[in-house]
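S.K.: Using only what follows, build the 3D model:
(one chain, ligands or ions: 1)
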Amino acid sequence: MILQSTENREAYYNELAELDKKHFIHPTTSFKQHQEQGPKFIFTEGKGIYLKDVRGKTVIDGLSSLWNVNIGHGREELGEAAAKQMKKLAFSSTFATNSHEPVIELAKVVASMAPGDLTATFFTSGGSEANDTAFKTVRYYWQLKGLPEKKKIISRKKSYHGVSVGASSATGLPGFRSFPSLAPDFLYVDSSIEALKELVETEGADTIAAFISEPIQGSGGVNPPPEGYFKEVRALCDANDILFIADEVITGFGRTGKTFGMEHYDVVPDVMVIAKGITSGYAPLGGMVLTERLRSELVSLSDGIFMHGYTYSGHPMCCAVALENLRILKEEQLYENVRQMGEAFQKGFEWLQDRHEVIGDARGVGLLGAVEIMKDKETGTRFDEPVSVKVIEEALHHGLLGRSIIYEGQDTLAFAPPFCITNEEVEKIISIIDESLTTVLKKI
Ligand SMILES: Cc1ncc(COP(=O)(O)O)c(C=O)c1O
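M.R.: The predicted structure follows:
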């Protein structure tokens, strides 16, 4: 049995670390590094933008953990909403035509927040399941329309859509596809409308079910789209009967200062994928939102059972937590705070770019931002070893948790703090990045 000792936190950490190494297989982690280094942090509590670990260290959660704890840590109301729901109805199935109150209520709220006629939600436990659901649903739709050959899914290079077999196959970062036997019929395209047009022409629109994209790519490096891109994509999809799936897993529910990321580009997709921010990470929940047009077509075309459903599709507790999270975000005007703090945050990145020759690019929208490090801006040459990894390590010494993105040869520092952040906290984040960059660059 583990006895927590406040006097000897280090011993307690060591005890937990040994158990972690032996018994816990970490996601997206090097098996070797985990065994050699053990867990960097063992967190025990969180409040606002801060996390605290067993050794008593407090750090700023500069990425809202996994771009998801949008409301901030330690909101007891969400725990109370979960407990209340679990005491009343912990679980009941939504298979066949069964339903329950929180899932109906949440589906209504999502419909009221979603743009255009995106009004009907299929719930999952997270983003990967939601993307898989979208891929199966669009293919099912074309099959019902008598066009079973329309099954290819086009995604963008540097995109991230998750790690289930389908979502990995759709992910445009090759590292995530380094497994044998992933799913067939996924294609990857450069982020220009010309490249997409060419691919559609080469493959033939009659073989393509859908195009999927994040409004702003997250894990691929926080990449906003080229100017006018999504409007042209929408037109191309319409002209070729290709469904447009927006993966709003990171950008949904306010991260960019608008309720959904695609709203920046004035485009309404046919299918919208959501997760993370819907519960701010307090409970696992995702979903696929369909337009009323698609929903009603599925109703009229379908003659059998849609053989797709997760045990936890619309879990009552998760839905109750989502409802409470969305209520608080709205009532406390946290979306407005994202707009205001987002401006300060993005200005901070521009300021960093002015101060540091090595910052080749500063980019982002709202509270989603990144700087890309280059040895030579003109040529785009990188340092031999990624600098961002060292900067993130250094920033940790100063109490800031962020992400280094080195896929596809990039060298990017990414941040996405919780929506409850204050001006002083934004300044603190920027000054820690500044200080950490200066320290690391001195040693190179
Ligand atoms: C854009 C995007 N889509 C999908 C996913 C996968 O979501 P999950 O990890 O909940 O399966 C993620 C996760 O980071 C994401 O960023």
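
S.K.: Name the helix or strand for residue 169, please.
M.R.: helix 165-170 (DSSP states H and E).

S.K.: Can I get that helix in PDB? Just the C-alpha atoms.
M.R.: Extracted in PDB, the C-alpha atoms of helix 165-170 (Å, rounded to 0.1, in the frame of the first residue of the first chain):
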ATOM      1  CA  VAL A 165      -7.000   2.700 -36.900                       C
ATOM      2  CA  GLY A 166      -9.200   5.000 -39.000                       C
ATOM      3  CA  ALA A 167      -8.000   8.200 -37.400                       C
ATOM      4  CA  SER A 168      -4.300   7.200 -37.700                       C
ATOM      5  CA  SER A 169      -4.900   6.400 -41.400                       C
ATOM      6  CA  ALA A 170      -6.300   9.900 -41.900                       C
END
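
S.K.: where along this structure do the helices fall?
M.R.: Per DSSP state H, the chain has helices spanning 9-23, 31-37, 64-67, 76-88, 101-113, 127-144, 165-170, 193-203, 229-240, 292-301, 316-331, 334-355, 387-397, 423-443. These are given in chain order.

S.K.: Which residue ranges make up the domains of the chain?
M.R.: Domain segmentation of the chain under automatic domain parsing yields 40-74+334-443, 76-331.

S.K.: quick revisit: if you average pLDDT over the helix holding residue 169, what comes out?
M.R.: The average pLDDT within helix 165-170 is 98.

S.K.: same question, stretch 48-56
M.R.: Mean per-residue pLDDT for stretch 48-56: 96.

S.K.: how many other residues sit next to the residue of the stretch 201-350 of the chain found nearest the ligand?
M.R.: Minimum separation of the stretch 201-350 of the chain from the ligand (CB to the nearest ligand atom) falls at residue 249, amounting to 3.5 Å. C-betas here are computed from N, CA, C, even on glycine. Residue 249 has 31 neighbouring residues, counting by other CB atoms under 10 Å.

S.K.: ok, now residue 36?
M.R.: Residues lying near residue 36 (other CB under 10 Å) number 9.

S.K.: Which residue, other than its chain neighbours, is closest to the residue most central in space within the chain?
M.R.: For the chain, the residue nearest the mean C-alpha position is residue 250 (3.1 Å; CA atoms, centre = their mean). Leaving aside its sequence neighbours, residue 250 sits nearest to residue 218 (CB to CB, 6 or more residues apart in numbering; 4.1 Å).

S.K.: Likewise for residue 426?
M.R.: Once flanking residues are discounted, residue 426 sits nearest to residue 344: 4.7 Å by CB to CB, 6+ apart.

S.K.: pretty sure that neighbour contacts residue 425?
M.R.: No: applying CB atoms under 8 Å as the test, residue 344 and residue 425 come out as separate, 9.9 Å apart.

S.K.: For these two, indicate the residue with more neighbours.
M.R.: Just comparing residue 344 and residue 425: by other CB under 10 Å the higher neighbour count belongs to residue 425, 20 against 17.

S.K.: From what I see, the more buried one and residue 60 are in contact.
M.R.: Yes: look at residue 425 against residue 60 with CB under 8 Å: they come within range, at 7.0 Å.

S.K.: Now the common contact residues for those two.
M.R.: Common neighbours of residue 425 and residue 60, using CB atoms under 8 Å, 6 or more residues apart in numbering, are 49, 417.

S.K.: Could you tell me the model confidence score at whatever residue of the stretch 301-444 of the chain ends up closest to the ligand?
M.R.: Closest approach of the stretch 301-444 of the chain to the ligand (CB to the nearest ligand atom) occurs at residue 416, with a separation of 10.4 Å. On the pLDDT scale, residue 416 is placed at 98.

S.K.: Count the neighbours of the residue of the stretch 51-200 of the chain at minimum distance from the ligand for me.
M.R.: When distances are taken as CB to the nearest ligand atom, the stretch 51-200 of the chain reaches nearest to the ligand at residue 127, 2.3 Å away. The local packing of residue 127 (other CB under 10 Å) involves 29 other residues.

S.K.: Spatially, what comes nearest to residue 341 if we skip its sequence neighbours?
M.R.: Nearest to residue 341 is residue 421, by CB to CB, 6+ apart, at 5.2 Å.

S.K.: give the contact list for that neighbour.
M.R.: 49, 72, 337, 341, 345, 367.

S.K.: re earlier: present the helices of the chain as JSON lines; the columns should include distance to residue 372.
M.R.: Shown next, in JSON lines, are the helices of the chain (distance: least, CB to CB, whole Å):
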{"stretch": "helix 9-23", "distance to residue 372": "33"}
{"stretch": "helix 31-37", "distance to residue 372": "24"}
{"stretch": "helix 64-67", "distance to residue 372": "18"}
{"stretch": "helix 76-88", "distance to residue 372": "35"}
{"stretch": "helix 101-113", "distance to residue 372": "32"}
{"stretch": "helix 127-144", "distance to residue 372": "25"}
{"stretch": "helix 165-170", "distance to residue 372": "24"}
{"stretch": "helix 193-203", "distance to residue 372": "21"}
{"stretch": "helix 229-240", "distance to residue 372": "19"}
{"stretch": "helix 292-301", "distance to residue 372": "37"}
{"stretch": "helix 316-331", "distance to residue 372": "30"}
{"stretch": "helix 334-355", "distance to residue 372": "10"}
{"stretch": "helix 387-397", "distance to residue 372": "8"}
{"stretch": "helix 423-443", "distance to residue 372": "12"}
